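# sequence first, predicted model second:
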Amino acid sequence: MKIYGDRVSGNCLKVKWVADFLGLAYDWIETDVLAGATRTPAFLAMNPAGQVPLAIFDDGRPLAQSNAIILHLAEGSALIPTDAYDRARMLEWMFWEQYSHEPYIAVARFQVRYLGKAVADLEPRLVERGKAALQRLEDALAESPFLVGQGIGLADVALVAYTRVAHEGGFRLDDWPRLRAWIGRVETALGIQS
C-alpha cells in the first residue's frame, strides 16, 4: 500500500497512525501540499479532488478522505466497536469532526502557524466555534476515558489529530483538563510522540 500524505496535516497523520497501530505495511509518500504537489497532473490522475491523504492499495484501487481510509484500514480491528450502536456513535463523532471541529480548529492552526496570522486577527466566529468544539469534547469526556467506550477507537484517532495541536491556532488546551488528559491517553495508546 502507498499512502500519499503531508506530515503537517492531521488528516494525513490519522491514516499513518492507524496503519502503524495495526502493523500494516505501507510506503509513505510525502506530498507537500503547500508546494502544489497535489495539483500536478500525475497526482490529479490518482485523485481528481487534488487532496491528501490518498491511499493506493496493493491492487491499485485508490481511496481518499482520511476518515474513509481509516475506517477501511481498521475494519475488523478493535478500533471499530462490534456493537452496532457504538459503531454508529463512532461514526457520529467522525462526521462531527469533519463538519464541526476540523473547519475551526485546523483552519485556525493553518492560518496562525503556516500563514503567519496573529491569533488576535483570526475571525471571531472561527475562534468561537473552535472553542465550542473543544468544549463539546471536554463535556463528552466526563462520561468515559475515550469518546466511545473504555478503549481507543477511530473516533479518538479522528479527533485527536487536530485537537492535540489546537494550541498552534491559539486555543489554550489548559482550559480543558479532561481534553488534555484524553490527548495523553490517545497519544500513549497510538504511540504518538508529543
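On my side now, so go ahead.
# how far away is Trp96 from Met90?
For Trp96, the distance to Met90 equals 11 Å [Cβ to Cβ, to the nearest Å]. In short, each C-beta sits where N, CA and C put it, glycine included.
# of the two, which one has the most company?
Higher neighbour count among Trp96 and Met90: Met90, with 25 against 18, using other Cβ atoms under 10 Å.
# export only the CA atoms of the stretch of helix or strand that one belongs to, formatted as PDB.
For Met90, the host element (DSSP states H and E) is helix 84-96. What follows is helix 84-96, C-alpha atoms only, in PDB (Å, rounded to 0.1, in the frame of the first residue of the first chain):
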ATOM      1  CA  ALA A  84     -23.900  -1.600  16.200                       C
ATOM      2  CA  TYR A  85     -25.000   1.400  18.300                       C
ATOM      3  CA  ASP A  86     -21.400   2.000  19.500                       C
ATOM      4  CA  ARG A  87     -20.200   1.800  15.900                       C
ATOM      5  CA  ALA A  88     -22.900   4.400  14.900                       C
ATOM      6  CA  ARG A  89     -21.700   6.600  17.800                       C
ATOM      7  CA  MET A  90     -18.100   6.300  16.400                       C
ATOM      8  CA  LEU A  91     -19.300   7.400  13.000                       C
ATOM      9  CA  GLU A  92     -21.300  10.200  14.600                       C
ATOM     10  CA  TRP A  93     -18.100  11.600  16.100                       C
ATOM     11  CA  MET A  94     -16.200  11.100  12.900                       C
ATOM     12  CA  PHE A  95     -18.800  13.000  10.800                       C
ATOM     13  CA  TRP A  96     -18.900  15.700  13.500                       C
END
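# chain center to the next helix or strand after that helix: distance?
Going down the chain from helix 84-96, the next helix or strand is helix 102-109, by DSSP H and E. Here helix 102-109 is found 11 Å from its chain centre; the criterion is Cα atoms, centre = their mean, to the nearest Å.
# got the angle between helix 102-109 and helix 84-96?
Per axes from the mean of the first three to the mean of the last three Cα atoms, to 10 degrees, the angle that helix 102-109 makes with helix 84-96 is 40 degrees.
# what is the burial count for Arg7?
Residues near Arg7, counting by other Cβ under 10 Å: 12.
# go ahead and confirm it touches Val15.
No. Look at Arg7 against Val15 with Cβ atoms under 8 Å: they stay out of range, at 11.2 Å.
# in this protein, which spans are helices?
10-21, 41-46, 66-74, 84-96, 102-109, 124-140, 154-163, 177-190 (DSSP state H).
# which stretch among these comes nearest Leu34?
Smallest distance to Leu34 across the helices of the chain (Cβ to Cβ): 12.9 Å, for helix 10-21.
# sort out which residues of that closest one are buried, please.
By neighbour count with 16 or more other Cβ atoms under 10 Å, helix 10-21 contains the buried residues Gly10, Asn11, Cys12, Leu13, Lys14, Val15, Lys16, Trp17, Val18, Ala19, Phe21.
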